[in-house]
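Q: pasting the structure only:
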């Protein structure tokens, strides 16, 4: 079965949390993949707890926020938005799209979504423009569904690993740094780190978990 993967880039000033991203330009805000539709969870990296809280306080679209997890490098928040706020993810997923990745940093949101076909992608693009967002459609690819024996990596994760292999990232000594590789892919260092982390987790799970157990969990 064919589906379409699209990557969008939008100016943060026009979107949800635009003020927060402007307040903390060094921060990376990433939507947690297990997010519920009613109360999003966001990972914040690159700034301390006080700066993250001040960024949420400064944003008029944020009604409430709660720190759930604090690690050495990242903070996980639950965030509630003021009634009537137009959320970017709502416009993208209104017709059944599947959100793969969404992160914002340095004044921009970048979003990757899987659509059932290109027509659904075009409809989402039209909805974003109608809602007042200036949309930069950066990449589109058509992919086929994978069989059970094939990898469960997303196209973006596979692209990152292939680029890392091509540029010697896994060699000793490394032929390229993570910062340089992120620049090659046109994404942030934090986004590339997250892609690697999720890809490694998927590959290890595929290797260690019996196929029958994986199908029960999915």
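A: Nice, I can see it. Quick caveat: nothing in here was measured; it's all calculated off a predicted structure. Numbering: from 1, shown residues only.
Q: buried stuff in the biggest helix by length in the chain?
A: For the chain, the longest helix by residue count, based on DSSP state H, is helix 189-208. Judged by neighbour count (16 or more other C-beta atoms under 10 Å), helix 189-208 contains these buried residues: 189, 190, 191, 192, 193, 194, 195, 196, 198, 199. To be clear about C-beta, it is placed using only N, CA and C from the backbone, and glycine gets the same treatment.
Q: Show me what that helix packs onto, helices and strands only.
A: strand 28-31, strand 98-105, helix 155-166, helix 178-185 (3 or more C-beta pairs under 8 Å, 6 or more residues apart in numbering; DSSP states H and E).
Q: can you do 10 Å?
A: strand 28-31, strand 41-45, strand 98-105, helix 155-166, helix 178-185, helix 211-217 (3 or more C-beta pairs under 10 Å, 6 or more residues apart in numbering; DSSP states H and E).
Q: Now find how far off-centre that helix is within its chain.
A: Relative to its chain's centre, helix 189-208 lies at 13 Å (C-alpha atoms, centre = their mean, to the nearest Å).
Q: ok and that helix relative to helix 155-166, angle-wise?
A: Relative orientation of helix 189-208 versus helix 155-166 (axes from the mean of the first three to the mean of the last three C-alpha atoms, to 10 degrees): 90 degrees.
Q: returning to that earlier point: can you put the helices and strands packed on helix 189-208 in a markdown table and add mean neighbour count and distance to residue 15?
A: Formatted as a markdown table, the helices and strands packed on helix 189-208 follow (neighbours: other C-beta atoms under 10 Å; distance: least, C-beta to C-beta, whole Å):
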| stretch | mean neighbour count | distance to residue 15 |
| --- | --- | --- |
| strand 28-31 | 23 | 11 |
| strand 41-45 | 22 | 13 |
| strand 98-105 | 20 | 8 |
| helix 155-166 | 17 | 20 |
| helix 178-185 | 16 | 22 |
| helix 211-217 | 10 | 33 |
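Q: can you put those in JSON lines and add mean pLDDT?
A: Formatted as JSON lines, the helices and strands packed on helix 189-208 follow (pLDDT from 0 to 100):
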{"stretch": "strand 28-31", "mean pLDDT": "89"}
{"stretch": "strand 41-45", "mean pLDDT": "90"}
{"stretch": "strand 98-105", "mean pLDDT": "84"}
{"stretch": "helix 155-166", "mean pLDDT": "85"}
{"stretch": "helix 178-185", "mean pLDDT": "87"}
{"stretch": "helix 211-217", "mean pLDDT": "39"}
